[in-house]
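Asks: what would the 3D arrangement of this be:
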Amino acid sequence: MARALLREGHIVVLDEATSAVSSKEDAIIQRVVREEFKNKTVIIVAHRLNSIIDADKVLVLDGGKLKEFDSPRNLLKKKNGYFKALVDATGPASAAYLTKIANGELSVFDSIDAGEASNRT
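Replies: Below you'll find the model as predicted:
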């Protein structure tokens, strides 16, 4: 990520950038990605839904095959969709939270800021 920040390329590819970090470190990385790369094309390979829930587009693969490609908001509207099933599998409270972010009702920064505030107290 440091190289991407310094080189100022037009395309940034992050492959599981937060897979081996704590939730606190994940929040820091999420903020950096969204703030520092906001005017770049960012391709994120991720298993954590909060890493991609506010993306412009999500590509869902299963067994290396394309299953879905659209905005998170549109994918969540698909009754039997793969992406919707992944979000629903996180549990009712988490799914509702992720859906609010996908629909633009909340920002991922809300949870990041809340987490940072609770870490200070």
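
Asks: quick check: residue 10 vs residue 103, distance?
Replies: 29 Å (Cβ to Cβ, to the nearest Å). Every C-beta, even on glycine, is put in place using the N, C-alpha and C of the backbone.

Asks: pick out whichever of these two has more residues nearby.
Replies: residue 103 (12 against 7; other Cβ atoms under 10 Å).

Asks: for that one, grab phi and psi.
Replies: Dihedral pair for residue 103: phi -80, psi 0, per degrees, to the nearest 10.

Asks: how about it, what does it touch?
Replies: Applying Cβ atoms under 8 Å, 6 or more residues apart in numbering to residue 103 gives the contacts 73, 76.

Asks: one more time with 7 Å, if that's ok
Replies: residue 73 (Cβ atoms under 7 Å, 6 or more residues apart in numbering).

Asks: residue 76: how many residues sit nearby?
Replies: Counted with other Cβ under 10 Å, residue 76 comes out at 20.

Asks: ok, residue 43 next?
Replies: Other residues close to residue 43 by other Cβ under 10 Å number 13.

Asks: ok, what's across the strand from it?
Replies: Note on residue 43: beta-bridge partners by DSSP bridges are residue 13.

Asks: measure it to residue 2 for me?
Replies: For residue 43, the distance to residue 2 - Cβ to Cβ - is 18 Å.

Asks: low-confidence ranges in this protein?
Replies: Flagging of the chain using pLDDT under 70 yields the residue ranges 111-121.

Asks: strands along that one, start to end?
Replies: Assigned strands in the chain, in chain order: 11-15, 41-45, 58-62, 65-70 (criterion: DSSP state E).

Asks: can you tell me, leaving aside adjacent residues, what's nearest to residue 48?
Replies: residue 18 (6.1 Å; Cβ to Cβ, 6 or more residues apart in numbering).
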